[in-house]
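Peer 1: Model the structure of this input:
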Amino acid sequence: MLETLAGRLKWEPTPSGIRVEMSPRLNTDLVRTFAVRAYFISLYFALLQNFFNHIDHRPHSRLPWWGVFLGYGTFILVLRCLDTATTHKTLVLDPSGLTIKVRSLFGAVSSKWDYAIAELHNLRFVAYSKRASVRNEDLQNEIQVDKDYDTRSFFAGITEEEASALIARMMEIYPFPKYLPS
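Peer 2: Numbering: from 1, shown residues only. Next up, the predicted model:
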């Protein structure tokens with residue numbers, strides 16, 4: 001039975017570790033970005049169509065070609081927003097490994113990562129910053145862990161409170177040393 005850990009995080013103990021699920025939340029920044037892009041793309045196509053109408057001086061009674069692109073773009077925008085709003089993330093940690101699954105639209109597993117626990121170190125929460133040196137891949141708060149000499153990110157969009165609770169639970173299972181054990 002899943003219990004609330006913090007915010008959107010729910011967890012349960014497994015025989016040798018923990019399983020944590022992060023429920024979806026609509027990313028309003030992503031929706032705003034796609035809406036602005038769709039607006040400027042449609043404006044570009046409308047101006048282009050208007051330019052061609054003035055050149056050939058013929059009225060066009062059928063759907064303009066830019067309307068097809070606008071309709072397609074709107075459809076993609078709606079699908080992307082639905083995908084973001086339904087993305088469900090699961091983390092399973094035990095003494096042998098860390099598994100992260102991301103299930104998106106209609107429950108399909110869109111990605112899965114398996115890591116051997118001995119290769120992981122330096123577990124941390126990274127808050128999004130507009131500074132280029134701290135900028136995260138998804139432009140959101142996230143949890144990061146180093147694997148060998150590469151940084152892996154997961155649970156993008158997590159709040160600091162959720163991350164603190166999750167990291168505390170994860171440290172109970174494996175201490176995640178600061179540097180790669182030699």
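
Peer 1: in this structure, which residue is closest to the centre?
Peer 2: In the chain, the residue lying closest to the centroid (C-alpha atoms, centre = their mean) is residue 156, at 5.2 Å.

Peer 1: tell me which element that residue is part of?
Peer 2: Using DSSP states H and E, residue 156 sits in no helix or strand.

Peer 1: Backbone torsions only: list them for it.
Peer 2: Residue 156 has phi and psi values of phi -60, psi 140 when expressed as degrees, to the nearest 10.

Peer 1: what's the domain layout of this protein?
Peer 2: The chain breaks down into these domains under automatic domain parsing: 3-24+86-173, 29-84.

Peer 1: Between those domains, which one is closest to residue 179.
Peer 2: Closest to residue 179 of the domains of the chain, according to C-beta to C-beta: domain 3-24+86-173, at 6.1 Å. C-beta here means a position set from N, CA and C on the backbone, and glycine is covered the same way.

Peer 1: distance between the closest one and the chain's centre?
Peer 2: 11 Å (C-alpha atoms, centre = their mean, to the nearest Å).

Peer 1: That one spans what distance, first to last residue?
Peer 2: Between the opening and closing residues of domain 3-24+86-173 lies a distance of 18 Å (C-alpha to C-alpha, to the nearest Å).

Peer 1: Could you do stretch 21-36 as well?
Peer 2: Terminal residues of stretch 21-36 are spaced 32 Å apart (C-alpha to C-alpha).

Peer 1: pLDDT below threshold where in the protein?
Peer 2: Low-confidence segments of the chain, defined by pLDDT under 70: 26-31, 49-68, 81-82, 84-85, 105-107, 130-139, 180-182.

Peer 1: Mind doing that once more with 80?
Peer 2: Counting by pLDDT under 80, the chain has low-confidence residues at 1, 24-87, 104-110, 128-140, 149, 179-182.

Peer 1: on that earlier part again, could I get the domains of the chain as TSV with distance to residue 179?
Peer 2: Shown next, in TSV, are the domains of the chain (distance: least, C-beta to C-beta, whole Å):
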stretch	distance to residue 179
domain 3-24+86-173	6
domain 29-84	34
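
Peer 1: Surely residue 35 touches residue 77?
Peer 2: Yes. Under the criterion of C-beta atoms under 8 Å, residue 35 makes contact with residue 77 at 7.0 Å.

Peer 1: higher neighbour count, the two?
Peer 2: Using other C-beta atoms under 10 Å, the more surrounded residue of residue 35 and residue 77 is residue 77, with 16 against 13.

Peer 1: can you give me the strands for the protein?
Peer 2: Secondary structure of the chain (DSSP state E): strands at 3-6, 9-13, 18-22, 88-94, 97-103, 109-116, 120-126, 142-147, 150-154.
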